[in-house]
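Participant: Sequence first, then the predicted structure, then my questions.
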Amino acid sequence: MSNNNDDNEPFNDAIDHQHNIEGDPTPSGGSMPLPIRVIGYFLIGGIVVMLFTGLLGNLLFN
């Protein structure tokens with residue numbers, strides 16, 4: 001078992017330097033920004049509506 005209480009502390013100077021220069025990415029919970037989510041909803045919704053419209057048109061007019 002480890003006696004280290006701070007798990008985010010870098011274990012050497014090279015890792016500390018990399019975190020200072022490149023940054024340390026933190027997870028944001030996996031959610032996309034609202035504008036991108038709205039665009040995705042419209043794209044997926046449009047594809048689903050076109051699919052059902054095509055299937056319904058094929059059944060009715062074929």
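Facilitator: Cool, got the structure.

Participant: Tell me the buried residues in stretch 50-62?
Facilitator: The neighbour-count check on stretch 50-62 (16 or more other C-beta atoms under 10 Å) flags nothing as buried. Heads up, the C-betas are built off the backbone N, CA and C, glycines and all.

Participant: roughly how far out does the helix ranked longest in the chain sit from the chain middle?
Facilitator: In the chain, ranked by residue count with DSSP state H as the criterion, the top helix is helix 34-61. Put simply, helix 34-61 sits 22 Å off its chain's centre (C-alpha atoms, centre = their mean, to the nearest Å).

Participant: what residues does stretch 33-49 touch?
Facilitator: Residues outside stretch 33-49 that contact it (C-beta atoms under 8 Å, 6 or more residues apart in numbering): 31, 32.

Participant: In PDB, list the C-alpha atoms belonging to it.
Facilitator: C-alpha atoms of stretch 33-49 as PDB (Å, rounded to 0.1, in the frame of the first residue of the first chain):
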ATOM      1  CA  PRO A  33     -20.400  21.700 -25.700                       C
ATOM      2  CA  LEU A  34     -24.000  22.700 -26.300                       C
ATOM      3  CA  PRO A  35     -23.700  24.000 -29.900                       C
ATOM      4  CA  ILE A  36     -22.000  20.800 -31.000                       C
ATOM      5  CA  ARG A  37     -24.700  18.700 -29.300                       C
ATOM      6  CA  VAL A  38     -27.500  20.700 -31.000                       C
ATOM      7  CA  ILE A  39     -25.900  20.200 -34.400                       C
ATOM      8  CA  GLY A  40     -25.600  16.500 -33.700                       C
ATOM      9  CA  TYR A  41     -29.300  16.300 -32.600                       C
ATOM     10  CA  PHE A  42     -30.400  18.000 -35.800                       C
ATOM     11  CA  LEU A  43     -28.200  15.800 -38.000                       C
ATOM     12  CA  ILE A  44     -29.200  12.500 -36.300                       C
ATOM     13  CA  GLY A  45     -32.800  13.600 -36.200                       C
ATOM     14  CA  GLY A  46     -32.800  14.600 -39.900                       C
ATOM     15  CA  ILE A  47     -31.300  11.200 -40.800                       C
ATOM     16  CA  VAL A  48     -34.000   9.400 -38.800                       C
ATOM     17  CA  VAL A  49     -36.800  11.500 -40.300                       C
END
